[in-house]
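# Dropping a prediction and its sequence here:
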Amino acid sequence: MNILDGKILAAKIREELAAAVEEIKAEGGKIPHLAAVLVGEDPASQVYVRNKVRSCEKIGFKSTLIRRPADVSEDELLGIVEELNQDEDIDGFIVQLPLPEHIDENRVTLAIQPGKDVDGFHPVNFGRMAQGLPAYIPATPNGILEMLKRYEIETAGKEVVVVGRSNIVGMPMGILMALKAYPGNATVTICHSRTRDLAEHTRRADIVIAAIGRPNFITADMLKEGVVIVDVGINRVDDEDAPRGYRLVGDVDFDSAATKASWITPVPGGVGQLTVVSLLMNTLKASRGEVY
Ligand SMILES: NC(=O)C1=CN([C@@H]2O[C@H](COP(=O)(O)OP(=O)(O)OC[C@H]3O[C@@H](n4cnc5c(N)ncnc54)[C@H](OP(=O)(O)O)[C@@H]3O)[C@@H](O)[C@H]2O)C=CC1
Ligand SMILES: Nc1nc(=O)c2c([nH]1)NC[C@@H]1CN(c3ccc(C(=O)N[C@@H](CCC(=O)O)C(=O)O)cc3)C=[N+]21
Ligand SMILES: [Mg+2]
């Protein structure tokens, strides 16, 4: 079993980004500026925001965090989005999901100007991605592609099973793995909560990508010998011995899956690390006008 090490890879990519910032400074160019809007207290979003701000500092990007309580009105939030759309110093921004029940996520996503949508959630970016056109690719799927590429994992002709069909992870990941590209050219199955026999699918898979949101859900008995495992899940489980009273685990039961896997991503230290740096990569692209 080998580890797909997100921590090491992310550190390497941060060095590349820091070098790009140095170059921009030397040329007297504009420092890339990323903004994030966080509504309420979703735990996965808090982890993400913390790491994003820290990474921006490390590499020399500017970052702005806008926080609102869970009871913020949809109108106020749409107003913030409009201000960020207009703000010429901001190259890209994201609105953290999930949003509270009373706010229409689609309405907010559609309000983001596609050229600043470094999450790649706007249907214009999603559509461009699906057709293999220049686009912002959502940070998590993009980070996974980066990981597969840099570890030279073979994907052409492989059976890839994605578990989860969210707009932000499962669905774009499935599309990307099916595109005529590397990584890609795979035969893709997308599973979800209505899948009749999940294990029947995962047992056939050469590559399993789990984005479910259920702690330790995928176990060794559901996997084939030699499988490559990409675990996207970020789940809190109670742990009295941990400093915060909880620890993070993935959607895959790491210890059991590791007995079957040829490659596996840890949680933490796997996909999440790449998500953060790929958002920064998208922000650099935005500041250079590389997509639009
Ligand atoms: N590491 C990272 O960078 C990131 C991590 N995450 C984490 O990844 C996980 C998934 O996130 P996200 O995609 O937003 O989650 P969502 O809750 O939006 O989607 C979960 C998906 O899993 C499916 N699902 C739920 N239960 C089962 C089941 N028993 N069997 C099969 N499929 C099931 C759902 O099916 P259905 O559609 O039928 O409801 C849905 O498609 C979370 O833990 C999240 O915190 C998210 C983003 C980035
Ligand atoms: N608009 C939007 N875009 C997102 O991409 C988005 C979102 N909303 N809402 C929440 C989820 C969750 N998510 C994470 C990304 C990185 C880590 C991460 O950095 N994880 C590290 C650190 C864990 C730790 O701090 O211990 C790791 O896995 O090693 C976690 C979670 C992005 N999401
Ligand atoms: Mg969700």
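Perfect, thanks for sending it. Ligands and ions are numbered 1, 2, ... in the order given.

# Can you pull the residues of the stretch 151-292 of the chain lying near ligand 1?
By CB under 6 Å from any ligand atom, the residues of the stretch 151-292 of the chain that approach ligand 1 are 163-166, 168-170, 191-195, 198, 211-214, 232-235, 271-272, 275. For every residue, glycine as well, the C-beta is placed using N, CA and C.

# In PyMOL, how would I select the buried members of those?
This is the PyMOL syntax for the buried subset of those, where burial follows 16 or more other CB atoms under 10 Å:
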select buried, resi 163+164+165+166+168+169+170+191+195+198+211+212+232+233+234+235+271+272+275
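
# Ligand 2 next: which of the residues of the stretch 151-292 of the chain next to ligand 1 are close?
Within these, those near ligand 2 by CB under 6 Å from any ligand atom are 168, 234, 272, 275.

# which residue packs closest to the second one, ignoring adjacent ones?
I take that to be residue 234. residue 44 (4.8 Å; CB to CB, 6 or more residues apart in numbering).

# Check whether the one you found sits in a helix, strand or coil.
helix (DSSP: H, G, I helix; E, B strand; the rest coil).

# roughly how far apart are the residue nearest in space to the middle of the chain and residue 199?
With distances taken as CA atoms, centre = their mean, residue 140 lies nearest the centre of the chain, 1.7 Å away. Distance from residue 140 to residue 199, counting by CB to CB, to the nearest Å: 24 Å.

# just residue 229 next, same as before
Counting by CB to CB, the gap from residue 229 to residue 199 is 14 Å.

# mind pulling up the phi and psi values for residue 160?
phi -110, psi 130 (degrees, to the nearest 10).

# Just list whatever residues bridge to it.
residue 188, residue 207 (DSSP bridges).

# show me the contacts for it.
Residue 160 makes contacts with 174, 177, 186-189, 205-209, as judged by CB atoms under 8 Å, 6 or more residues apart in numbering.

# and if we set it to 7 Å?
Shown in contact with residue 160 (CB atoms under 7 Å, 6 or more residues apart in numbering): 177, 186-188, 205, 207, 209.

# hmm, which of these are the buried ones?
Among the contacts of residue 160, the ones that count as buried by 16+ other CB under 10 Å are 177, 186, 188, 205, 207, 209.
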